[in-house]
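Colleague: quick one, structure for this:
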Amino acid sequence: MNYWLVKSEPETYAWAQLAREGLTAWTGVRNYQARLHLRAMTPGDPVCFYHSGGEKQVVGLARVAKAAYPDPTATEGDWVCVDLEPVKPLGRTVPLQAIKADPALREMKLVKQSRLSVTPLTAGEFARVMELAGRDATR
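Modeller: This next block holds a predicted model:
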């Protein structure tokens, strides 16, 4: 199993919208490294949903519902998307400042490569984010 973090500005696509819709195609990614991450996602992989912009916090837990397929919003190039479905909102959001302050998360790609919209998490990083959110990563 792999673990992931996806970022979206809440004005563009918020956690509440994913929760309401129940499923979304994660389209519009136009970064080569992020595309590699999308291609590595497999159904069932847990995904931390992060609000970027003014909020800068992990707000929900989602999962990959469908592996990478051609992005229908791409007019040229070999871009892909995955389908994501909500699992549940976090009991406590996990702000970026808490992530940066936590020694267990200092190497997290969110901190090291902050411009990427799709990044992998290690099992330890995922478990620690869930712990900070007041959730057991095994549930």
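
Colleague: tell me where this structure has helices.
Modeller: Using DSSP state H, the helices assigned to the chain run over residues 15-21, 32-40, 96-101, 109-112, 123-132.

Colleague: determine which stretch of those is the most buried.
Modeller: Most buried of these, by mean neighbour count (mean count of other CB atoms under 10 Å): helix 123-132, with a mean of 19. For every residue, glycine as well, the C-beta is placed using N, CA and C.

Colleague: contacting residues around the worst-scoring helix or strand of the chain on mean pLDDT?
Modeller: Least confident helix or strand, the chain: helix 109-112 with a mean of 94, by mean pLDDT, DSSP states H and E. By CB atoms under 8 Å, 6 or more residues apart in numbering, the surrounding residues in contact with helix 109-112 are 5, 7, 50, 96, 99, 100, 105, 116, 119, 120, 121.

Colleague: swap in 7 Å and give it another go.
Modeller: Contacts to helix 109-112, defined as CB atoms under 7 Å, 6 or more residues apart in numbering, come from residues 5, 50, 99, 100, 105, 116, 119, 120.

Colleague: one more: stretch 66-81?
Modeller: So stretch 66-81 is contacted by 25-30, 35, 38-39, 41-43, 82-83 (CB under 7 Å, 6+ apart).

Colleague: surely residue 55 meets residue 10?
Modeller: Yes - counting by CB atoms under 7 Å, residue 10 is a contact partner of residue 55 at 6.0 Å.

Colleague: about what we covered before: make a markdown table from the helices of the chain and add distance to residue 66 to it.
Modeller: Putting these into a markdown table (distance: least, CB to CB, whole Å) gives the following:
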| stretch | distance to residue 66 |
| --- | --- |
| helix 15-21 | 14 |
| helix 32-40 | 11 |
| helix 96-101 | 28 |
| helix 109-112 | 23 |
| helix 123-132 | 21 |
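
Colleague: give me the pLDDT for residue 138.
Modeller: Listed pLDDT for residue 138 reads 50.

Colleague: what's in contact with stretch 27-44?
Modeller: 1-2, 4, 63-68, 71-73, 79-82, 116-120.

Colleague: quick revisit: wait, which of the helices of the chain is closest to residue 87?
Modeller: helix 15-21 (9.7 Å; CB to CB).
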